[in-house]
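A.B. asks: coords below, sequence missing:
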């Protein structure tokens, strides 16, 4: 039967994090939203938190430029195949959506025999009021397009030959002027364009008279910027300098600039790829530029310089380049910040008054507050760089109590005193999604030993708090602090901004496993070098010594020598800890192999941990080990080499492969009988599914694949895959008590009965552990998860849930069941006899293997009281299967992750209420939902206003009211320059003529004009 709470559509709902490989940026000052394009062809719009729209080009090509038609809900995108695309924000069922409506490509000039390179677009400028766009090209020509119809206005085309006729010989720069590098509209007269060519010539072109009004000649040109009054311009050049020129005067030519400077000279400097000039009512204007660093000493830095009078800050971004190519061509590489930065500013009494600087770098988005002294960073409510250090593990907590939530938020706020208190300026649109019904925390462990806490309650993934563990150990981790602020005498005056830092001081610091009790604020963090840290949330600063305990998991086993990395040396003496989670005990596993499994039971004060050598149990209240068990097989030599070792024997791998082949050929003749005496301990029952619907013949059809048993001497068979605490029946059917379960890579399950003293006697009596049962799965498939179900078939509640009336007490009257999930099948055993009750052979039926499993509760869309517990399973093919428990009846399955995306499958984490997260790139989580009632997706509305009726562009579209338009005070600069030189298919659609567009424009009422507001540059 199909359950009503399970959706019939693909489960992906929203993407969290920072877009992978961004390549273009644009901003709409009227809608107050920004757009980011990527190398994969994606276009993502962001406004207020929760306002997100996503589109994907039909072509898989890099987005090199993005430009809004301000306020109208249109977006132009240029791809590196030289095709221009128009996107529309439209309304459907009360929500806004983003859709590509048409595309266009510049044809070669008729009869010229020009190669496609000549018409490659280098610059796009949407002119006020958004009805025409200028296209500068590689061949030096400027074309004009009617918007939004994307019809070429051929009579307005400005060829390079026409410019050359008006240029004196001493200004010609050779036979050609070079590609168009920049086009800027006059800030006070929309009819005049400032056009800059790469070889240094800049012309002021009057469109109405088609004449050159002014000429400027400098070095090789990179960028241009107008001063707000239109009396001066600034030009930046390839030699690392910029010039200021006066516009006007008696002559047509300006021989010399007013000022010419190389800010970081006199030694050779890199090009200034973009420059901005903004006036300020309070005094000196802002001059902001990217690049210009001294080649020899700081040529590898990616900086944006902010200059106001005598104040200079060199903002040093930590994002690495993907390849060292021309920074003016983001399509060819990404030496950022390149030209991807903008201004937000107010227009007031003839001054622009910059409010904030927005910089898009390769791995993060940084916003600088220019109205607060010191120019601090404004924290972003979304687009946080999840991968500021590489993500190594994830952990999700649902229904976080308000008290714990507030304490974590408070600890995070105390970590960032230097951040600006200014409101997030990109706040357009309206979030229509309902307020989250519960608070969700997503924890990510990182390579540098940090754990980051994220607010995963809604659409926006907001950073809350960062926990560091490196300061507990003796590592060289203080060197980064010196980069934060430059000394008084240092030149350039570098200031580190952004939090992306891909370098780890020591790979052993990497976080492998996380566990958190939301009721007691106890936390366990385990790492790559066998370190297990028990932590507790403290609202105050503390200085104390961390207790250290060592647990030997080899148990004096002879014949094994650890060849891997050394353990991390803990610091001696008291350590100062800031408010937040503070360690109390460090448990060090020996050998110091990476921790593969942990579990925490805060009510019993116990933590269990496992590595590739065995597992241990630790009492963190009394701070002493309870149990250590070695799980190594005599042939487990690879387990002694460690994850950082590179001495794996190819010869041994080949030998084991041939052994498996030989065994598979003869295994049909030597099938073990499941009822034979040789399989008494942990034998697999071959009975049919206990509650399988349908006729018995269905199970007997030859659809099952024959799965051969794995060899007992397989490498890494002793790896502990899962650990589990449960209050259940292990010794007999009448007495229940604390138990601990461990599953290994070789299909072994160990069950221990625990003697846990009452809370009053924790300090007097020690916890004891006695081996109760040892089970061996017949096929020796790795055990992925273990869970105990009560008498009603429900999973056991978490510690403290029942005592705090947050969950129903489990049924302790009926017999309990144990659900063991291996890589090949799911099986339910009765307790305490451990006899097989039912099973489902996933590998035999579906030909796939289990990678992740979780017990989830799915609520009905009809009534919240109807909740069913199900088993969610992610396979190595990227499919998600849903089964009932304890009957293990298959319900539905989805194709969720591409089977080739191994890292995405490995990173998947399920939530308790049927959602999940997995990495679609190093910087992005994809969120999905298996419950139709519990869905987190962006629902938003953007009010757009268009100057003309565009209903013919789509099959249906209501006409929006006209905006109060007037000639904008300042236009938007190009978001990037250049494009990758690769031919592509060009096609376009033109359902409307340019005459219709112009006629509609004449009908636009001039008294419905927009006032000056916040703009971005």
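C.D. replies: That came in fine, so what should we check first? Only a predicted model underlies this, so the values are computations on that prediction, with no experimental measurement involved.

A.B. asks: Going by C-alpha atoms from here, please, whenever you check contacts or count neighbours.
C.D. replies: Fine.

A.B. asks: separation between the spatially closest residue to residue 466 that is not a sequence neighbour and residue 394?
C.D. replies: In space, and not counting its chain neighbours, residue 466 is closest to residue 452: 4.5 Å by Cα to Cα, 6 or more residues apart in numbering. Plainly put, residue 452 is 10 Å away from residue 394 if you go by Cα to Cα, to the nearest Å.

A.B. asks: Give me the more crowded residue out of these two.
C.D. replies: Taking neighbours as other Cα atoms under 10 Å, residue 452 and residue 394 compare with residue 394 leading, 24 against 19.

A.B. asks: Double-check the more buried one against residue 450; I have them as touching.
C.D. replies: No. In this structure residue 394 lies outside contact range of residue 450 using Cα atoms under 8 Å: 11.9 Å.

A.B. asks: Could I get the full set of helices for the stretch 251-400 of the chain?
C.D. replies: Secondary structure of the stretch 251-400 of the chain, counting by DSSP state H, counting those that start in this stretch: helices at 295-298.

A.B. asks: shared neighbours of residue 452 and residue 394, anything?
C.D. replies: 443-445 (Cα atoms under 8 Å, 6 or more residues apart in numbering).

A.B. asks: Now rank those by neighbours and give me the top one.
C.D. replies: residue 445 (27 neighbours).

A.B. asks: any idea how far that one is from residue 32?
C.D. replies: For residue 445 relative to residue 32 (Cα to Cα), the value is 34 Å.

A.B. asks: How about residue 82?
C.D. replies: Taking Cα to Cα, one finds residue 82 at 28 Å from residue 32.

A.B. asks: The two: who's more crowded?
C.D. replies: residue 82 (27 against 22).

A.B. asks: Could you report the pLDDT at the more buried one?
C.D. replies: If you check residue 82, the pLDDT there is 92.

A.B. asks: Look up how far residue 751 lies from residue 201.
C.D. replies: Note on residue 201: its distance to residue 751, by Cα to Cα, is 81 Å.

A.B. asks: Tell me where the model's unsure across this structure.
C.D. replies: By pLDDT under 70, the weakly predicted segments of the chain are 1-11, 108-117, 174, 249-251, 319-350, 476-489, 635-715, 862-864, 947-1017.

A.B. asks: What are the boundaries of the helices in it?
C.D. replies: Per DSSP state H, the chain has helices spanning 160-165, 295-298, 402-415, 650-666, 697-700, 842-846, 902-906, 994-1002. These are given in chain order.

A.B. asks: In the third one, which residues are buried?
C.D. replies: Put plainly, it is helix 402-415. For helix 402-415, a neighbour-count test (16 or more other Cα atoms under 10 Å) marks 405, 407-412, 415 as buried.

A.B. asks: can you list these in JSON lines and add distance to residue 548?
C.D. replies: Formatted as JSON lines, the buried residues of helix 402-415 follow (distance: Cα to Cα, whole Å):
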{"residue": "405", "distance to residue 548": "29"}
{"residue": "407", "distance to residue 548": "27"}
{"residue": "408", "distance to residue 548": "26"}
{"residue": "409", "distance to residue 548": "29"}
{"residue": "410", "distance to residue 548": "29"}
{"residue": "411", "distance to residue 548": "25"}
{"residue": "412", "distance to residue 548": "27"}
{"residue": "415", "distance to residue 548": "27"}
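
A.B. asks: Which member of those residues is positioned nearest residue 611?
C.D. replies: Distances from residue 611 to these, taken as Cα to Cα, are shortest for residue 408 (29.9 Å).

A.B. asks: Touching, the closest one and residue 579? I think so.
C.D. replies: No. The criterion here is Cα under 8 Å, and residue 408 misses it with residue 579 at 9.2 Å.

A.B. asks: before we move on, the earlier item: which one of the buried residues of helix 402-415 sits closest to residue 732?
C.D. replies: Distances from residue 732 to those, taken by Cα to Cα, are shortest for residue 405, at 41.2 Å.

A.B. asks: Which residues are in contact with that closest one?
C.D. replies: Per Cα under 8 Å, 6+ apart, neighbours of residue 405: none.

A.B. asks: I figured residue 462 hits residue 442, correct?
C.D. replies: No. Residue 462 is not in contact with residue 442 according to Cα under 8 Å; the separation is 9.9 Å.

A.B. asks: Now do the shared contacts for the two.
C.D. replies: Common neighbours of residue 462 and residue 442, using Cα under 8 Å, 6+ apart, are 454-456.

A.B. asks: Out of the residues you listed, which sit inside strands?
C.D. replies: Judged by DSSP state E, strands contain the following of these: 454-455.

A.B. asks: Let me have the shared contacts of residue 462 and residue 442 in a markdown table, adding distance to residue 179 and neighbour count as columns.
C.D. replies: Output for the shared contacts of residue 462 and residue 442, formatted as a markdown table (distance: Cα to Cα, whole Å; neighbours: other Cα atoms under 10 Å):
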| residue | distance to residue 179 | neighbour count |
| --- | --- | --- |
| 454 | 46 | 22 |
| 455 | 47 | 20 |
| 456 | 47 | 23 |
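
A.B. asks: for the stretch 551-700 of the chain, what spans make up the strands?
C.D. replies: 575-577, 580-590, 597-601, 606-610, 614-619, 624-630 (DSSP state E, counting those that start in this stretch).

A.B. asks: Does anything pack onto the longest one? Which helices or strands?
C.D. replies: Contacts of strand 580-590 with other secondary structure elements, assessed using 3 or more Cα pairs under 8 Å, 6 or more residues apart in numbering; DSSP states H and E, are made with helix 402-415, strand 531-538, strand 547-552.

A.B. asks: Over to the fourth one?
C.D. replies: When contacts are defined as 3+ Cα pairs under 8 Å, 6+ apart, strand 606-610 packs onto strand 597-601, strand 614-619, strand 720-728.

A.B. asks: again, only this time at 10 Å
C.D. replies: In terms of contacts (3 or more Cα pairs under 10 Å, 6 or more residues apart in numbering; DSSP states H and E), strand 606-610 is packed against strand 522-527, strand 531-538, strand 580-590, strand 597-601, strand 614-619, strand 624-630, strand 720-728, strand 737-744.

A.B. asks: Can you lay out those strands as a markdown table showing distance to residue 567 and mean neighbour count?
C.D. replies: As requested, the helices and strands packed on strand 606-610 are exported to a markdown table (distance: least, Cα to Cα, whole Å; neighbours: other Cα atoms under 10 Å):
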| stretch | distance to residue 567 | mean neighbour count |
| --- | --- | --- |
| strand 522-527 | 11 | 24 |
| strand 531-538 | 8 | 22 |
| strand 580-590 | 8 | 23 |
| strand 597-601 | 18 | 23 |
| strand 614-619 | 17 | 24 |
| strand 624-630 | 18 | 20 |
| strand 720-728 | 19 | 25 |
| strand 737-744 | 23 | 23 |
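
A.B. asks: mind putting the ones you listed in TSV, distance to residue 231 included?
C.D. replies: As requested, these are exported to TSV (distance: least, Cα to Cα, whole Å):
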stretch	distance to residue 231
strand 522-527	61
strand 531-538	59
strand 580-590	55
strand 597-601	68
strand 614-619	75
strand 624-630	77
strand 720-728	71
strand 737-744	76
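
A.B. asks: With residue 921 as the reference, name the closest of these.
C.D. replies: strand 522-527 (22.7 Å).
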